[in-house]
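> Need a 3D model of the sequence below.
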Amino acid sequence: MDIRQITPGYAVSPQIALSDLAAIKAAGFTTIIDNRPDGEIPGDLHTAQMRAAAEALGLTFVANPVIGGAMTMENVTAQGAAIAAATGPVFAYCASGNRSSVVWALSQAGTMPVDDLVGLPAKFGYQLEHLRPQIAALAGK
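Numbering: from 1, shown residues only. The predicted model follows:
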């Protein structure tokens, strides 16, 4: 597992395994957001199995599958709602962490500077510069 702490309250990671959930909880995360559609992954990592294991540990689990290249405003809104409802730090995952970074940046438009929404994920290799105009538009700037 490779936790990439974007902000103190939000981290992303490439795909996790069921065996990673206890370490995620031990690291202080309270909410897990699964940004990966079931069709991309083996059955033992599907949403139902991950949700059951996470909830058994007392973690909140949110499924918000983002299809690569086909993210919707519903995905953005759902990510923002899950982050806003979290009682502590949020851990989001997808195949590489990129989709979880993109949907975070879009969902947080207007809550922090566009430079941060683009720059913080860039520290981990997630290039969101092309989204700058969209983030600014969502922020109403």
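> ok, which stretches of the protein are helices?
Along the chain, the segments classed as helices by DSSP state H run 21-26, 47-56, 73-85, 98-107, 114-122, 132-138.
> With mean pLDDT, distance to Ile33 and mean neighbour count added, can I get those in a markdown table?
In short, each C-beta sits where N, CA and C put it, glycine included. Below are the helices of the chain laid out as a markdown table (pLDDT from 0 to 100; distance: least, C-beta to C-beta, whole Å; neighbours: other C-beta atoms under 10 Å):
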| stretch | mean pLDDT | distance to Ile33 | mean neighbour count |
| --- | --- | --- | --- |
| helix 21-26 | 96 | 11 | 16 |
| helix 47-56 | 95 | 11 | 16 |
| helix 73-85 | 96 | 5 | 17 |
| helix 98-107 | 96 | 7 | 26 |
| helix 114-122 | 95 | 15 | 18 |
| helix 132-138 | 92 | 19 | 15 |
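> In JSON lines, list those helices along with distance to Pro37.
Listed next are the helices of the chain as JSON lines, based on distance: least, C-beta to C-beta, whole Å:
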{"stretch": "helix 21-26", "distance to Pro37": "20"}
{"stretch": "helix 47-56", "distance to Pro37": "9"}
{"stretch": "helix 73-85", "distance to Pro37": "11"}
{"stretch": "helix 98-107", "distance to Pro37": "10"}
{"stretch": "helix 114-122", "distance to Pro37": "21"}
{"stretch": "helix 132-138", "distance to Pro37": "22"}
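> Out of those helices, flag the one nearest Val62.
Counting by C-beta to C-beta, Val62 lies closest to helix 73-85 out of the helices of the chain; the figure is 4.3 Å.
> elements contacting the closest one?
Helices and strands touching helix 73-85, by 3 or more C-beta pairs under 8 Å, 6 or more residues apart in numbering; DSSP states H and E, are strand 31-34, strand 60-63, strand 90-93, helix 98-107.
> Try it again at 10 Å.
When contacts are defined as 3 or more C-beta pairs under 10 Å, 6 or more residues apart in numbering; DSSP states H and E, helix 73-85 packs onto strand 31-34, strand 60-63, strand 90-93, helix 98-107, helix 132-138.
> Please save the CA atoms from that helix in CSV.
Extracted in CSV, the C-alpha atoms of helix 73-85 (Å, rounded to 0.1, in the frame of the first residue of the first chain):
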residue,chain,number,x,y,z
MET,A,73,-20.5,15.8,-12.1
GLU,A,74,-22.3,13.1,-10.1
ASN,A,75,-18.9,11.6,-9.3
VAL,A,76,-17.6,15.1,-8.3
THR,A,77,-20.6,15.8,-6.1
ALA,A,78,-20.5,12.4,-4.5
GLN,A,79,-16.8,12.8,-3.7
GLY,A,80,-17.3,16.2,-2.2
ALA,A,81,-20.3,15.0,-0.1
ALA,A,82,-18.3,12.0,1.2
ILE,A,83,-15.4,14.2,2.2
ALA,A,84,-17.7,16.7,3.9
ALA,A,85,-19.5,14.0,5.8
